[in-house]
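Enquirer: missing the sequence, but the structure's below:
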Ligand SMILES: [Zn+2]
């Protein structure tokens, strides 16, 4: 259902609405423009009902959208890892595998690598942040076919050659968040012969 909708904001709103309906959670959003990009999400309880407050400040609409999706990803992590422990397990494993392999891989899995703000995203901080950055990147770029989107999928294809648990993470993301076709797109990029050279360029 969601995959037929192209706009990432609309997709994420549908997912959020589903969680609101199913779990009765409350969500408030405080968006605004600012010269620097910033966002966070806080949680508290009213009569045992979880309430989340999203704060977003961004330089423009595009960043506003991206940061909002990142913060929503934190809410999804908070809710969905309870009903689906496998989600947490897979991202914990992926997080450890990247640390054991090359820490610099985190850089190409952060939003900052594909935007004009290098400070965006910090997937190296925790499995949760890794999930949020990767989920945000998938929402923003999976339906695109521009150079940044292609670079992202080429990077994923390269990383997946070394780290199998990336596939496990993307697979569960594809399944639970209606991101149809992301695995196929990565696999397709794996057939590109110039990947090893690009790999050397990045790290
Ligand atoms: Zn975060």
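Expert: Nice, thanks for sending it over. What you see is a predicted model; the values in this text were computed from it and never measured. Numbers count the residues shown, from 1 in each chain.
Enquirer: tell me how many other residues crowd residue 128.
Expert: Using other C-beta atoms under 10 Å, residue 128 has 18 other residues around it. To be clear about C-beta, it is placed using only N, CA and C from the backbone, and glycine gets the same treatment.
Enquirer: now swap in residue 126 and tell me
Expert: The local packing of residue 126 (other C-beta under 10 Å) involves 14 other residues.
Enquirer: with adjacent residues omitted, what lies nearest to it?
Expert: Leaving out its chain neighbours, the residue that sits closest to residue 126 by C-beta to C-beta, 6 or more residues apart in numbering is residue 95, at 7.2 Å.
Enquirer: does the one you found touch residue 133 like I think?
Expert: No - judged on C-beta atoms under 8 Å, residue 95 makes no contact with residue 133 at a distance of 11.2 Å.
Enquirer: what sits against the closest residue to residue 81 other than its chain neighbours?
Expert: The shortest distance from residue 81 to any non-neighbouring residue, by C-beta to C-beta, 6+ apart, is to residue 88 (4.1 Å). Contacts for residue 88 (C-beta atoms under 8 Å, 6 or more residues apart in numbering) come out as 77, 81, 127.
Enquirer: tell me the contacts of the last one?
Expert: With contacts defined as C-beta under 8 Å, 6+ apart, residue 127 is in contact with 88, 91, 92, 94, 95.
Enquirer: next one: residue 60
Expert: residue 33.
Enquirer: for it, phi and psi?
Expert: The phi and psi values for residue 60, taken as degrees, to the nearest 10, are phi -170, psi 180.
Enquirer: nearest residue to the residue nearest to the spatial centre of the chain in space, please, no chain neighbours.
Expert: Centroid-nearest residue in the chain: residue 135, 1.9 Å away (criterion: C-alpha atoms, centre = their mean). Closest residue in space to residue 135, ignoring its immediate chain neighbours: residue 73 at 4.5 Å, by C-beta to C-beta, 6+ apart.
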